[in-house]
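> Please find the sequence and the predicted model below.
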Amino acid sequence: MAKPKLAVWKFASCDGCQLSILDLEDELLALAETVEIAYFLEASSKTVAGPYDLSLVEGSITTPHDAERIQDVRRQSHKLVTIGACATAGGIQALRNFADVKEFTKAVYARPDYIKTLETSTPIEDHVTVDFNLRGCPVDKKQLLEVVSAMTFGRKPMIAADSVCGE
Ligand code: SF4
């Protein structure tokens, strides 16, 4: 029987939640025996085309390209789980939501007219249906394993609703 296909996607983020996956080491090897890690650019440039049984999404939506890409990720994903505060709440980059983003780009870039960005940084759930939000900054490794295991095998993750980090 074919293994469930797992994909990991990055949007605007610091990569810390993806590093939590890589940091699983032994558990990751065990996981690789039960699921096919089909798309995870942080770990390997070798990719397998979708559709995917489970997509983990790190990061927030901050550019017009992001806004289009997340629709494509959703179309390819049977289940979609957000990982970390950037994806679940917009992240630190959502501070721009309370200021004029044009002033920021003018202050930072020599050619701000080359920068294509949205006025806001928004959570993934503002754009597509999300099957589960895993909160944390970064996410807790044990909770991440529980979510991947539960979602790929069709059960509800056993994570307390008010829990952010399990340790
Ligand atoms: Fe980095 Fe925190 Fe965002 Fe995860 S939630 S990508 S650790 S800033």
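Yep, it's here. Residues are numbered from 1 along each chain as shown.
> CA atoms for contacts and neighbours, from now on please.
Noted.
> Spatially nearest residue to residue 91, not counting backbone neighbours?
Distances taken as C-alpha to C-alpha, 6 or more residues apart in numbering put residue 85 closest to residue 91, at 5.2 Å, once the chain neighbours are dropped.
> The one you found: how many residues sit nearby?
By other C-alpha atoms under 10 Å, the residues close to residue 85 number 24.
> The one 10 residues further on now?
With neighbours defined by other C-alpha under 10 Å, the count for residue 95 comes to 12.
> cool, and residue 1?
Neighbours of residue 1 under the rule other C-alpha under 10 Å: 3.
> that older thread, and the residue nearest to residue 91, what is it in contact with?
Residue 85 makes contact with 59, 91, 135-138, according to C-alpha atoms under 8 Å, 6 or more residues apart in numbering.
> how close does the residue lying closest to residue 51 once chain neighbours are set aside sit to residue 113?
Excluding the flanking residues, the one nearest residue 51 by C-alpha to C-alpha, 6+ apart is residue 76, at 4.5 Å. Going from residue 76 to residue 113 by C-alpha to C-alpha, to the nearest Å gives 33 Å.
> In terms of packing, which of the two has more residues around it?
residue 76 (18 against 10).
> Pull the contacting residues for residue 61.
11-12, 67, 87, 90, 121-124.
> Return the subset of those lying in helices.
Among the contacts of residue 61, DSSP state H puts 67, 87 in helices.
> Let's have the contacts of residue 61 in CSV, adding distance to residue 2, neighbour count and pLDDT.
Below are the contacts of residue 61 laid out as CSV (distance: C-alpha to C-alpha, whole Å; neighbours: other C-alpha atoms under 10 Å; pLDDT from 0 to 100):
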residue, distance to residue 2, neighbour count, pLDDT
11, 29, 20, 98
12, 32, 19, 97
67, 32, 18, 98
87, 29, 29, 98
90, 35, 25, 96
121, 37, 24, 96
122, 35, 24, 98
123, 32, 22, 98
124, 29, 29, 98
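> still on that earlier bit, correct me, but the residue nearest to residue 51 touches residue 49?
No. In this structure, residue 76 is not within contact of residue 49 by C-alpha atoms under 8 Å, at 9.3 Å.
> Contact residues of the chain facing the ligand?
Near the ligand, the residues belonging to the chain are 13-17, 59, 84-86, 91, 137-138 when assessed by C-alpha under 6 Å from any ligand atom.
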